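1. turn this into a model:
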Amino acid sequence: MATGRTHRPATRSRGIPEATVARLPLYLRALTALSERSVPTVSSEELAAAAGVNSAKLRKDFSYLGSYGTRGVGYDVEYLVYQISRELGLTQDWPVVIVGIGNLGAALANYGGFASRGFRVAALIDADPAMAGKPVAGIPVQHTDDLEKIIQDNGVSIGVIATPAGAAQQVCDRLVAAGVTSILNFAPTVLNVPEGVDVRKVDLSIELQILAFHEQRKAGEEAAADGALPGAAAAAAARKAAADQGPDGDVPAVMPA
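-> Predicted coordinates for the structure are as follows:
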């Protein structure tokens, strides 16, 4: 199996849009679930629903891969798994280092999904001397003093930053200087990187704030709907009272005996 240093995914050279690249992991996750259930083929509508996109967008995305499916049959699940994995570079070994082994870094180190997708955690690095040598997920933590040597020895091109915000930029600069060209940033800060270095940011607090916005909006809509009911009932009562009043508007109308 090739290493991350010997090959880069061909998505850019083939002109696949970034939005399509961002959806490929969604398709792969849905296809992997189908493969595990021994489903041989899938229609664009079924796969789109499983991935949470519309079928027209899915077909357009797959056209960039040169995969058009078979009318009346759909897409071959196993071939699509291979095709998307190849485009994402997951048919090779990608050694990864995680810098910052606090609660989040330790959780990432223990995450089993990396290995199943071709990402091998090659090293865990932390600035705390007390952490050095301690095993996390079966991997001994190494000190940041050795960061550059660790990168070179393991042929690492992908780094994960899980440090506090104040340390993230310095760690990023050292990773880039050592040869890392892709960074997954969990630190709550924006990193400045030179051209040719890709950064993906994961900020859990921002995602929670977005969810809080939607919850507040839903609560406001429900409150407005509840407030409208008494008003409507009052208006109906007023109309009925007006209909019951006489011509002078203050006493009931009396029919002659």
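2. dump the strand of greatest length in the chain to PDB, restricted to CA.
-> Scanning the chain for the strand with the most residues, using DSSP state E, yields strand 119-126. Written as PDB, here are the backbone C-alpha positions of strand 119-126 (Å, rounded to 0.1, in the frame of the first residue of the first chain):
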ATOM      1  CA  PHE A 119      -5.900   7.200   8.100                       C
ATOM      2  CA  ARG A 120      -3.200   5.700  10.400                       C
ATOM      3  CA  VAL A 121      -2.500   7.700  13.600                       C
ATOM      4  CA  ALA A 122       1.300   7.600  13.400                       C
ATOM      5  CA  ALA A 123       2.000   9.700  16.500                       C
ATOM      6  CA  LEU A 124       0.500  11.600  19.400                       C
ATOM      7  CA  ILE A 125       2.300  14.800  20.400                       C
ATOM      8  CA  ASP A 126       1.800  17.100  23.500                       C
END
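3. give me the below-cutoff pLDDT ranges for the chain.
-> Within the chain, the stretches with pLDDT under 70 are 1-14, 227-257.
4. quick one: the helices in it, in order.
-> With DSSP state H, the ranges of helices along the chain come out as 18-36, 44-51, 55-64, 77-87, 103-109, 113-116, 147-154, 165-178, 204-244.
5. for the third one, packing partners?
-> Yep, that's helix 55-64 we're talking about. With contacts defined as 3 or more C-beta pairs under 8 Å, 6 or more residues apart in numbering; DSSP states H and E, helix 55-64 has these neighbours: helix 18-36, helix 44-51. (C-beta placed from N, C-alpha, C; glycine too.)
6. between these, which one is nearest to residue 208?
-> Evaluated over those, closeness to residue 208 peaks at helix 18-36, with 20.9 Å, by C-beta to C-beta.
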